[in-house]
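Peer 1: fold the following, please.
(2 chains)
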Amino acid sequence: SQQGEEDPQALSIQEGENATMNCSYKTSINNLQWYRQNSGRGLVHLILIRSNEREKHSGRLRVTLDTSKKSSSLLITASRAADTASYFCATDESNFNKFYFGSGTKLNVKP
Amino acid sequence: NAGVTQTPKFRVLKTGQSMTLLCAQDMNHEYMYWYRQDPGMGLRLIHYSVGEGTTAKGEVPDGYNVSRLKKQNFLLGLESAAPSQTSVYFCASSYKRVSEHTQYFGPGTRLTVL
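Peer 2: Presented below is the predicted three-dimensional model:
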């Protein structure tokens, strides 16, 4: 299975600190996406990074992709209590039609 | 514009019973997906559809059937529910190929099989 794996499984930080989550995957990909899930809710798309991109920014989010290491990282800068959620990476298996989700990083931002 | 909606929100079934989960989207999306999420885990793809009248198997299709008779609806059926199918089910849709487009998720259906 192509499924990505996030690391760490859980992360607890103070408001204002930066949070870094990592994702590793097994085979080649076309694109990688990051999603957020608030407790009891559906997932919300955060950012897409293509296999030929190395870094992408969106507001306080910074995503990097290293295809040689088959890994990606999500950095949330100046975290807020509202960032408390689970974060998932999703990869295709060079198959444009479906995704494989990792098990997620549960982020707790303490006010 | 409601996005992706799921019916019902909660359901309790006894082993062997059947049920259908309904997903509806009003964004004119071609692609639709059914996932299940078990505690502490990510989403696993059950079935998906790349257009009206088409369906395909995902990672964990056994015990489930789907139909996409109308572009806006994607139905997930459990013919004979088992306790292992206790999970939260999410429907999602995307405009075109999911690899290149955002997936929009419904709020989920929490299913318990006793």
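Peer 1: so what's the residue of chain A found nearest chain B up against?
Peer 2: Per Cβ to the nearest Cβ, A:Gly42 is where chain A lies closest to chain B, at 3.3 Å. Glycine gets a C-beta too; all of them are placed from N, C-alpha and C. Taking Cβ atoms under 8 Å, 6 or more residues apart in numbering or on different chains, we find A:Gly42 in contact with B:Val4, B:Phe90, B:Ala92, B:Phe105, B:Gly106, B:Pro107, B:Gly108.
Peer 1: filter the residues you listed down to the ones close to chain A.
Peer 2: Checking the contacts of A:Gly42 against chain A by Cβ under 8 Å from any Cβ of the partner chain, the ones in range are B:Val4, B:Phe90, B:Ala92, B:Phe105, B:Gly106, B:Pro107, B:Gly108.
Peer 1: what sits against the residue lying closest to B:Val50 once chain neighbours are set aside?
Peer 2: Excluding its sequence neighbours, the residue lying closest to B:Val50 (Cβ to Cβ, 6 or more residues apart in numbering or on different chains) is B:Tyr31, at 5.6 Å. Shown in contact with B:Tyr31 (Cβ under 8 Å, 6+ apart): A:Asn97, B:Tyr48, B:Ser49, B:Val50, B:Gly51, B:Ser93, B:Ser94, B:Tyr95, B:Lys96, B:Arg97, B:Val98, B:His101.
Peer 1: and the helix or strand bottoming out on mean pLDDT in chain A, how far from the chain's centre?
Peer 2: One helix or strand of chain A scores below all others by mean pLDDT, DSSP states H and E: strand A:5-7, with a mean of 84. From the chain centre to the centre of strand A:5-7 is a distance of 9 Å (Cα atoms, centre = their mean, to the nearest Å).
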